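Enquirer: just the structure for this:
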Amino acid sequence: MGGLTITDAPLPAAQPTRWGFLVSGRSVRYAAGVLLVAAGYYLAAQGGEVFLLTGGVGAFWPATGVGIAVLYLGGLRWWPGILLGDLVGTLVDLPGARQPLVVALADTAGHMARAVVAVLIMQRLVGRRAAMDRLEQVGAVFVAVAVGESLAATSAILARWAAGVLEVSEIAEFWRSWWLGGVAGGLVVVPLALAWAHGRASVWRGRQAGEGALMLAAVAGLSVVALSAEQPLTYMVFPAFIWAALRFGPQGATLAVAAAAVIAVLATSHEQGFFVELSPTDSALNLQLYITFAALTTYCLAAIVSERRRAALELAESQRREGERAALERQRIARDLHDSVSQSLFSTTLHVRTAQRALEVEEVDPAGPVGEQLSEIGQLTRGALAEMRALIFELQPGALAEEGLVAALTKQAAALSAREGLVIEVDGPGERLPLEPDVEEQLYRLGQEALANVVKHARANSATVRIAASDGTVLVEVNDDGHGFDPAAVGRDHFGLRSMRGRVADLGGRLEVTSALGRGTILHVEVPARPGE
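Expert: Residues are numbered from 1 along each chain as shown. Sure, this is the predicted structure:
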């Protein structure tokens, strides 16, 4: 076949590549992870065996929450670990159990369906990173756990009924107890895992760590007191739940509920507390309802608090962005005015001077009608140019960002003095004040508004702006010798005063206005300095 030569030489042996080692390493890590998941699930299932109060039905079944939490946080690829842990538990318990192997296998199938379906529901409703900080996430977890556990309970009942272990008259009570036990366990374990896996741990640092320990001690102490009494006093624990939800959010709420649930289950399983005064079935029912409703109430409160905090932060961030956009817009307007109107006015003054010189060259009387009109035009143009420059400075106070509040107010006062003929003195420190940029901007706008009021309303001859910093506060005081006003007649609802008070309140400071007819006005503003300075 032309130049093609075929030989019988043996092919070289395939050499292992580094990809084979990587795949092997991944397989070993995955197998180790599966074994770890299986061990954790088995321990949770065996822990649930301790809390059996009504035959084969657990009053509190934490394995429900462990299976769902593992598959939701780690991914559905860890289902072999859940299956292995459940099968090991089945084989260990089978010799002493009074049920056929097919019933135990049906239980395992129901447990797997429970975990997978619950995870799929949660992923569909709230995505893959729920942190229990929204009401819809609390509702989604409850729906997922409830639906998943209903599959497990139904599978267990049908298998026992088919095997003749369960009578028809016992089905409703058996299903209810099984379902509530799984729901109670799921509502304790799943939210705890989600809140701590995706929540913020910074709330437990510093001073709040001690408060958190105090809160947990309160939950434990109140739970012990409530469950030690012969009267129904479980409501005593709810103030501690409210404390946890309000101060520590979903993480504190889930931790408090878990602590209270464990104490309640341990006390009941040791035949202590109010729940054991009833029959085993009723004791289990009351315990399950207590855990379920305590969990849902506390989680909803924590989610509402988290949403309000998040809304407040988003509002503050929105206001900050709006302030930045407003500052950029002011700068754009200032540039446009400088490049267009201001330059045109300046050119007009030059043309007026040129025309006046032309009159002198042509030996026209400058005091004549044409000369007077040119002088009037020049004077108006210079006044308009001064006002335009002051307006541009107000829109874009470059000195504020470069030199600080004192320098910016000094230049603003100089511009007003030149334009209005008003004597304005600014007294302040030479060094820059310890203020955040946004606070400095707000104080500048306050001083600007106060000076504008002096010009428009006070009819003053002079004004003084005093700026000082001491004892963690920054003081801005504007004092004029104008006509003043009667504060009682104006009232606190005056638009200008209300605007100023709102601006100062946003800065966490206080504003005082002192005035009297014929005695001028004093505007006194104090705001906190930058933290740590």
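
Enquirer: from now on I want contacts and neighbour counts done on CA atoms only, so please keep to that.
Expert: Noted.

Enquirer: so for stretch 463-483, mean pLDDT?
Expert: If you average the pLDDT over stretch 463-483, you get 89.

Enquirer: report the buried residues of that stretch.
Expert: Neighbour counts over stretch 463-483 (16 or more other Cα atoms under 10 Å) mark 463-467, 469, 473-483 as buried.

Enquirer: how long is that stretch end to end?
Expert: End-to-end distance of stretch 463-483: 12 Å, with Cα to Cα, to the nearest Å as the criterion.

Enquirer: do the same with stretch 445-462
Expert: 20 Å.

Enquirer: might you list the low-confidence residue ranges for the stretch 351-500 of the chain?
Expert: Low-confidence regions of the stretch 351-500 of the chain, defined by pLDDT under 70, span residues 389-390, 392-402, 490-495.

Enquirer: can we see that at 80?
Expert: 356, 359-368, 370-371, 382-403, 415, 418-421, 437-438, 486-499 (pLDDT under 80).

Enquirer: in it, which spans are strands?
Expert: 423-427, 462-470, 473-480 (DSSP state E, counting those that start in this stretch).

Enquirer: nearest to Val504, of these?
Expert: Nearest of those to Val504, taken as Cα to Cα: strand 473-480 at 11.3 Å.

Enquirer: not counting its neighbours along the chain, what's nearest Asp486?
Expert: Ala516 (5.4 Å; Cα to Cα, 6 or more residues apart in numbering).

Enquirer: from Gly252, how far out is that neighbour?
Expert: Ala516 sits 54 Å away from Gly252, going by Cα to Cα.

Enquirer: quick one, which of those two is more surrounded?
Expert: The neighbour comparison of Ala516 against Gly252 (other Cα atoms under 10 Å) goes to Gly252, with 28 against 15.

Enquirer: distance from stretch 355-364 to the middle of the chain?
Expert: Relative to its parent chain, stretch 355-364 has a centroid offset of 73 Å by Cα atoms, centre = their mean, to the nearest Å.

Enquirer: Leu166: what secondary structure?
Expert: Assigned with DSSP: H, G, I helix; E, B strand; the rest coil, Leu166 falls in the coil class.

Enquirer: dihedrals phi and psi, it?
Expert: According to degrees, to the nearest 10, the main-chain angles of Leu166 amount to phi -120, psi 130.

Enquirer: for Glu362, grab phi and psi.
Expert: Main-chain dihedrals, Glu362, degrees, to the nearest 10: phi -80, psi 10.

Enquirer: neighbours of it, how many?
Expert: By other Cα under 10 Å, neighbour count at Glu362 equals 9.

Enquirer: one step back: Ala172: which of the strands of the stretch 351-500 of the chain is closest?
Expert: That would be strand 473-480 among those, by Cα to Cα, at 68.9 Å.

Enquirer: how far off centre is the closest one?
Expert: 35 Å.

Enquirer: again with stretch 509-518
Expert: When distances are taken as Cα atoms, centre = their mean, stretch 509-518 is centred 38 Å away from the chain's centroid.

Enquirer: I'd like the numbering to begin with 672 instead of 1 from here.
Expert: Let's use 672 as the start, then, which means that last one is stretch 1180-1189.

Enquirer: quick one: buried residues of that stretch?
Expert: Gly1180, Arg1181, Leu1182, Ser1186.

Enquirer: and if you look at stretch 737-750?
Expert: Those would be Val737, Gly738, Ile739, Ala740, Val741, Leu742, Tyr743, Leu744, Trp749, Trp750, for stretch 737-750 by 16+ other Cα under 10 Å.

Enquirer: check which helices and strands the one helix or strand the first one maps to sits against.
Expert: Secondary structure here is read from DSSP states H and E; on that basis Val737 sits in helix 733-745. With contacts defined as 3 or more Cα pairs under 8 Å, 6 or more residues apart in numbering; DSSP states H and E, the secondary structure elements packing on helix 733-745 are helix 689-721, helix 772-797, helix 842-869.

Enquirer: using TSV, lay out the strands of the stretch 1022-1171 of the chain together with distance to Ala911.
Expert: Converted to TSV, these look like this (distance: least, Cα to Cα, whole Å):
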stretch	distance to Ala911
strand 1094-1098	54
strand 1133-1141	41
strand 1144-1151	37
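
Enquirer: out of those strands, which is closest to Val816?
Expert: strand 1144-1151 (53.4 Å).

Enquirer: parallel or antiparallel, list what pairs with that closest one.
Expert: strand 1133-1141 (antiparallel), strand 1192-1199 (antiparallel) (DSSP bridges).

Enquirer: so can I have JSON lines of the ones you listed showing distance to Ala974?
Expert: Listed next are those as JSON lines, based on distance: least, Cα to Cα, whole Å:
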{"stretch": "strand 1133-1141", "distance to Ala974": "41"}
{"stretch": "strand 1192-1199", "distance to Ala974": "32"}
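
Enquirer: so for Leu829, which of these sits nearest?
Expert: Among these, strand 1192-1199 sits nearest to Leu829 (Cα to Cα), with 69.1 Å.

Enquirer: what sits against the nearest residue to Ala740 once chain neighbours are set aside?
Expert: In space, and not counting its chain neighbours, Ala740 is closest to Val861: 5.2 Å by Cα to Cα, 6+ apart. Val861 makes contact with Gly736, Val737, Ile739, Ala740, Val812, according to Cα atoms under 8 Å, 6 or more residues apart in numbering.

Enquirer: what's the closest of those residues to Phe912?
Expert: Val812 (19.2 Å).

Enquirer: how many other residues sit next to that closest one?
Expert: Around Val812 there are 26 residues (other Cα under 10 Å).

Enquirer: excluding covalently adjacent residues, which one is nearest to it?
Expert: Nearest non-adjacent residue to Val812, counting by Cα to Cα, 6+ apart: Met793, 6.4 Å away.

Enquirer: also Val788?
Expert: Gly819 (5.7 Å).

Enquirer: which helices and strands does the helix or strand hosting Leu999 pack with?
Expert: For Leu999, the host element (DSSP H and E) is helix 951-1008. If you count contacts as 3+ Cα pairs under 8 Å, 6+ apart, helix 951-1008 packs onto strand 723-725, helix 806-833, helix 842-869, helix 909-940, helix 1040-1066.

Enquirer: for the nearest residue to Gly1054 once chain neighbours are set aside, give its distance to Ala1129.
Expert: Setting aside the residues directly before and after it, Gly1054 is nearest to Arg1090 in space (Cα to Cα, 6+ apart), at 7.5 Å. Separation of Arg1090 from Ala1129 (Cα to Cα): 16 Å.

Enquirer: more crowded one of the two?
Expert: Ranked by neighbour count (other Cα under 10 Å), Arg1090 and Ala1129 place Ala1129 first, with 19 against 16.
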